[in-house]
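Asker: I need the structure of the sequence given here:
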Amino acid sequence: MTDSSSRKPPSPAPTPENEPFWAAAAEGTLLIKRCRSCGNAHYYPRAICPYCFSTDTAWQASKGEGEIYSVSVMRRGANAPYALAYVTLDEGPSMLTNITGCDFDALRIGQRVAVRFLSTDAGPPLPMFAPIGD
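Answerer: Got it, this is the predicted structure:
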C-alpha cells in the first residue's frame, strides 16, 4: 500500500479575506463561496465571483463530498509519495487537493471522496480527501 497519511503538510498563511475558511477548517467544516448575484458556487474562496465579477458573495458550508475528476500520483521528490487531484464537489466547484489515507494504485477517475482535515505544522488543518464507499 502506498499512502501519505503520515505526511505533515506546511501550515497555510490565513489572510483577512480567507480567515473564515481557515476558522471553519479548524472546526472540521469545508467552506466554499456562493455568488448571490448569479448563484454559482466557487472555490478557492475569494471576495469577487469569477463568473459575473459581483462582490455579493457569501460563505456556504460544503457537504465535503465529491468525485475525482483527475488524479496524479507523485512517487519521486520531496514528500513523495502523494496523490494530487482535482475533486469536483457535489456543490459544483472543483478544487485542487491531495488524496490521502488510501492505496494510491486503487485511485480512479469518478471515484467518490470525502474531505478529511490533516493537521499542519503550526496552523489550521488543510482539507484533503479520502475515498468513500466502493
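Asker: Mind giving me the packing neighbours of the longest strand along the chain?
Answerer: Across the chain, the strand with the greatest residue count (assigned by DSSP state E) is strand 65-74. Using 3 or more CB pairs under 8 Å, 6 or more residues apart in numbering; DSSP states H and E, the elements in contact with strand 65-74 are strand 82-89, strand 94-99, strand 112-118. C-beta: built from backbone N, CA, C; applies to glycine.
Asker: List the buried residues for it?
Answerer: By 16 or more other CB atoms under 10 Å, the buried positions in strand 65-74 come out as 65-68, 71, 73.
Asker: do the same with stretch 98-105
Answerer: Buried-residue list, stretch 98-105, by 16+ other CB under 10 Å: 98-100, 102, 104.
Asker: What is the end-to-end distance of that stretch?
Answerer: 14 Å (CA to CA, to the nearest Å).
Asker: Averaged pLDDT, that stretch. What do you get?
Answerer: The average pLDDT within stretch 98-105 is 94.
Asker: sorry, back to before: which one of the buried residues of strand 65-74 is nearest to residue 38?
Answerer: Nearest to residue 38 out of those is residue 66 (CB to CB; 21.0 Å).
Asker: isn't the closest one right up against residue 92?
Answerer: No - between residue 66 and residue 92 there is no contact under CB atoms under 8 Å: 9.3 Å.
Asker: quick one: stretch 69-79 to chain centroid distance?
Answerer: 16 Å (CA atoms, centre = their mean, to the nearest Å).
Asker: Sorry, wrong one. I was asking about stretch 105-119.
Answerer: Worked out by CA atoms, centre = their mean, stretch 105-119 lies 10 Å from the chain centre.
Asker: if I pick the most far-flung residue of the chain relative to its centre, what's in contact with it?
Answerer: Distance from the C-alpha centroid of the chain, by CA atoms, centre = their mean, peaks at residue 37 (24.4 Å). Applying CB atoms under 8 Å, 6 or more residues apart in numbering, we find residue 37 in contact with 49, 52, 54, 56.
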